[in-house]
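In: I would like to see how this sequence folds:
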Amino acid sequence: MYPESLKNLIESFKLLPGIGEKTAERLAFYLINEDIEKTDFFANSIKEAKEKIKRCSICNSITDKDICDICNNNLRTKEVLCIVEDPKSIFLFEKIGTYNGEYHVINGLISPLEGIDPDDIGLEKLIKRINSSNFQEIIIAVKPSIEGETTALYIKKIIEGMNIKVTRIASGIPIGTDIEYIDTMTLERALNDRKEIE
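Out: Got it, this is the predicted structure:
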């Protein structure tokens, strides 16, 4: 019943996570009623982000440069590395403003049930970085789940014998919860109360 171009716009919105039919329709109608300058800006922002955003050559986070601003910052502590499962987690920790070390993003978590092995999450790059740096502590800040626990233990096993303290962010974060949905106070407490993996 909709014109083809509007139908395509609705279908495009439905591709986004958490967007159903009604929300997609509401967003599409909102956009077609906006000024052409706003819709051009919206469309160009999507295109530009897709073209320019890439992975940092050091930490694997997202950036529009070869090396991200965090890795380029010489004022950050070079002795502590925080391992996260996705770039969004870095921005959450940065919002707290209490962590001043470096980060490394792995590509998800080990999950044998889903066929995701250690080789699939980019641990080679992480190990090369650890071997070429002088980290005194490695904080593992991944989702508290079976996959998160498996990944943390695997990373600890790899690092054994390197004389590096390995810690994990403390509990207080409910099991199965994605880090992106946790309030900053809980996240800060979990980071400050981290414990060494036994």
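In: for the rest of this, base every contact and every neighbour count on C-alpha atoms.
Out: OK.
In: and the pLDDT at Arg189?
Out: Here the pLDDT value assigned to Arg189 is 70.
In: residues near it, how many?
Out: For Arg189, the neighbour count with other CA atoms under 10 Å is 15.
In: helix or strand for it, which one?
Out: Take DSSP states H and E as the rule and Arg189 turns out to sit in helix 184-192.
In: okay, the spatially closest residue to Tyr103 that is not a sequence neighbour: pLDDT?
Out: Computed as CA to CA, 6 or more residues apart in numbering, the closest residue to Tyr103 that is not its neighbour in sequence is Cys82, at 4.6 Å. At Cys82, the model reports a pLDDT of 97.
In: which helix or strand contains Cys82?
Out: strand 80-84.
In: what sits up against that strand?
Out: 90, 101-106, 135-142 (CA atoms under 8 Å, 6 or more residues apart in numbering).
In: so which of those are in strands?
Out: 102-105, 137-141 (DSSP state E).
In: show me what contacts the most centrally placed residue in the chain?
Out: Closest to where the C-alpha atoms of the chain average out (CA atoms, centre = their mean) is Asp86, at 2.0 Å. Residues in contact with Asp86 (CA under 8 Å, 6+ apart) are 61, 105-108.
In: could you export the helix or strand harbouring Asn44 as CSV, keeping only the C-alpha atoms?
Out: In this assignment (DSSP H and E), Asn44 forms part of helix 36-52. Presented in CSV, the C-alpha positions along helix 36-52 are these (Å, rounded to 0.1, in the frame of the first residue of the first chain):
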residue,chain,number,x,y,z
ILE,A,36,15.8,17.9,2.7
GLU,A,37,18.9,19.4,4.5
LYS,A,38,18.2,17.2,7.6
THR,A,39,17.6,14.1,5.6
ASP,A,40,20.7,14.7,3.5
PHE,A,41,22.8,15.2,6.6
PHE,A,42,21.3,11.9,8.0
ALA,A,43,22.0,10.0,4.8
ASN,A,44,25.5,11.4,4.4
SER,A,45,26.3,10.6,8.1
ILE,A,46,25.5,7.0,7.5
LYS,A,47,27.5,6.8,4.3
GLU,A,48,30.5,8.7,5.8
ALA,A,49,30.6,6.5,8.9
LYS,A,50,30.6,3.4,6.7
GLU,A,51,33.4,4.7,4.5
LYS,A,52,35.6,6.2,7.2
